[in-house]
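K.L.:
Next come a sequence and a model predicted from it.
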Amino acid sequence: MEYRKNEAKEWAKEKLKGVWMATNTPFTPDFQVDWEGCRRNIRHCIDNLQIKGNFHAGMVGETFHQTIAERKQHLKIAVEESKGKMFTLSAPHCETPLVTLELVKYAEEIGAELTGPMNPRFYRETMTEEGVFQYYKWIADQVNIAIFPLNQLEHGYLMSPQLICRLANEIPNFVGIKNIAPLEHTRMVRILCGDKIIVSDAEEEHWLTNLTVHGQQAYISSSHSFLFQSKKLKLINEYTDLAMKGEIAKAWEVSKRVEPMRRALTRVTPPHKREATHKYWAHCLGMAGGEGRVRPPYQQLTEPEKEAIKAAVQSTGLI
């Protein structure tokens, strides 16, 4: 790694900037992982979109619908294709702590720059903040890799701003958090943590405000980084670059041009089919999306739904 464990926070503040993505996972007609498609998507996001980092194959990537062997192979491909060109933040989410630790150690072993285990799930017993703290400390004590967790409500709770602040203060390689939370929660995390860690709101539509008002240095991240950009048109990169140069008014004008894309994607996303919609949208842009194919229990898109998505993509000017 480029840093020692006790240097991880400073390394992250210096290096982690700009527009990141959250990888999806294309599947073949028999529901196997399309490995060559995975490679092609990473190369596209580096070469054509100039994406800075990859929160790799987490919830967006249907991680819980894959075997451990598949997850390791997908991460290995991402690191191989990205090394020296784009940072890789592994998503070792698992409800079994020992498997999470195994995936964190694997990420460190193969050269991923960061890892992001989500807040753990509690069964039967009520979540305790001390339990969450000890979970992350137990992982961090056994590795050197920078830890940048995902804080989300899928497990029935959010880590509180006070808990995140304790993690930031007491764990040397705890360098940031991807916070899928109400805006007031994220604001409080920023107030309590100061500049100790990077706090990333994961919504693209909030990114410009976060960058210019709240000092968020990296958008980590969602699939919108590649759904709303193409080789032809890279508006998110454009407004990010303008804002970083201090041209705020111009940045807002460019950001407004993304809004029709946001509305179009929302309009054609059927209930309970977000992952399938995003993958088919990417497919329509020329990426490997497996025709929008998802593994059960997720629902497949109907042909009329695909036609609506294709028409929406064609309306955006991305192709």
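P.N.:
Cool, the structure landed.

K.L.:
so how far is I248 from G194?
P.N.:
Counting by CB to CB, to the nearest Å, the separation of G194 from I248 is 24 Å. Any C-beta I mention is one placed from the backbone N, CA and C, and that applies to glycine too.

K.L.:
and these two? which has more neighbours close in?
P.N.:
I248 (15 against 10; other CB atoms under 10 Å).

K.L.:
since we're on the closest residue to the more buried one other than its chain neighbours, how many residues are nearby?
P.N.:
Of all residues not flanking I248 in the chain, T212 sits nearest, at 5.7 Å (CB to CB, 6 or more residues apart in numbering). Residues near T212, counting by other CB under 10 Å, number 16.

K.L.:
so T212 makes contact with A251?
P.N.:
Yes - contact criterion CB atoms under 8 Å: T212 and A251 qualify, at 7.3 Å.

K.L.:
which neighbours do those two share?
P.N.:
Residues touching both T212 and A251 (CB atoms under 8 Å, 6 or more residues apart in numbering): A243.

K.L.:
what's the span of stretch 113-133 from first residue to last?
P.N.:
22 Å (CA to CA, to the nearest Å).

K.L.:
buried sites along that stretch?
P.N.:
For stretch 113-133, burial by neighbour count (16 or more other CB atoms under 10 Å) applies to 113-120, 132-133.

K.L.:
coming back round to it: contacts only, for the residue nearest to I248.
P.N.:
243, 248, 251.

K.L.:
Mind checking which of these are in helices?
P.N.:
243, 248, 251 (DSSP state H).

K.L.:
Tell me the one among those residues nearest to V33.
P.N.:
The closest of the ones in helices among the contacts of T212 to V33 turns out to be A243 (CB to CB; 36.5 Å).

K.L.:
quick one, helices of this structure?
P.N.:
Under DSSP H, the chain gives helices at 8-15, 35-47, 68-82, 97-110, 129-140, 161-170, 183-193, 204-212, 224-227, 235-244, 248-256, 259-268, 274-284, 303-315.

K.L.:
can you tell me which residues contact I139?
P.N.:
So I139 contacts 100-101, 104, 117, 147 (CB under 8 Å, 6+ apart).

K.L.:
Find the one among the helices of the chain with the highest mean neighbour count.
P.N.:
Mean neighbours per residue, mean count of other CB atoms under 10 Å, is largest over those for helix 224-227, with a mean of 25.

K.L.:
That helix - what's its average pLDDT?
P.N.:
With pLDDT averaged residue by residue, helix 224-227 scores 98.

K.L.:
Off-centre distance for that helix?
P.N.:
The chain centre lies 11 Å from the centre of helix 224-227; the measure is CA atoms, centre = their mean, to the nearest Å.

K.L.:
what's the answer for stretch 59-68, then?
P.N.:
13 Å.

K.L.:
For that stretch, buried residues please.
P.N.:
Within stretch 59-68, the residues scored as buried using 16+ other CB under 10 Å are 59-63, 65-66.

K.L.:
What lies in contact with stretch 6-20?
P.N.:
2-3, 51-55, 87, 89, 114, 144, 146-148, 172-176, 195-198, 207, 217-221, 225, 236-237, 240, 244.

K.L.:
Check stretch 278-297 too.
P.N.:
Residues contacting stretch 278-297 (CB under 8 Å, 6+ apart): 24, 26-29, 31, 34, 36-38, 40-41, 44, 60, 62, 65-66, 223, 226-227, 230, 265, 275-277, 300-301, 306, 309-310, 312-314, 318-319.

K.L.:
Would you mind checking the average pLDDT for it?
P.N.:
Stretch 278-297 comes out at a mean pLDDT of 97.

K.L.:
swap in stretch 175-195?
P.N.:
The average of the pLDDT scores along stretch 175-195 is 97.

K.L.:
Dump that stretch to PDB, restricted to CA.
P.N.:
Presented in PDB, the C-alpha positions along stretch 175-195 are these (Å, rounded to 0.1, in the frame of the first residue of the first chain):
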ATOM      1  CA  VAL A 175     -10.500   7.200   7.000                       C
ATOM      2  CA  GLY A 176     -14.100   8.100   5.900                       C
ATOM      3  CA  ILE A 177     -17.700   7.100   5.600                       C
ATOM      4  CA  LYS A 178     -20.200   6.800   2.800                       C
ATOM      5  CA  ASN A 179     -23.300   8.000   4.500                       C
ATOM      6  CA  ILE A 180     -26.700   7.100   3.000                       C
ATOM      7  CA  ALA A 181     -28.600   9.100   5.600                       C
ATOM      8  CA  PRO A 182     -30.800  12.100   6.000                       C
ATOM      9  CA  LEU A 183     -29.000  15.400   5.300                       C
ATOM     10  CA  GLU A 184     -29.200  16.500   8.900                       C
ATOM     11  CA  HIS A 185     -27.500  13.300  10.000                       C
ATOM     12  CA  THR A 186     -24.600  13.900   7.500                       C
ATOM     13  CA  ARG A 187     -24.300  17.500   8.600                       C
ATOM     14  CA  MET A 188     -23.900  16.400  12.200                       C
ATOM     15  CA  VAL A 189     -21.300  13.800  11.300                       C
ATOM     16  CA  ARG A 190     -19.300  16.600   9.600                       C
ATOM     17  CA  ILE A 191     -19.600  18.900  12.600                       C
ATOM     18  CA  LEU A 192     -18.400  16.200  15.100                       C
ATOM     19  CA  CYS A 193     -15.700  14.700  13.000                       C
ATOM     20  CA  GLY A 194     -14.300  17.900  11.500                       C
ATOM     21  CA  ASP A 195     -11.400  17.100   9.100                       C
END
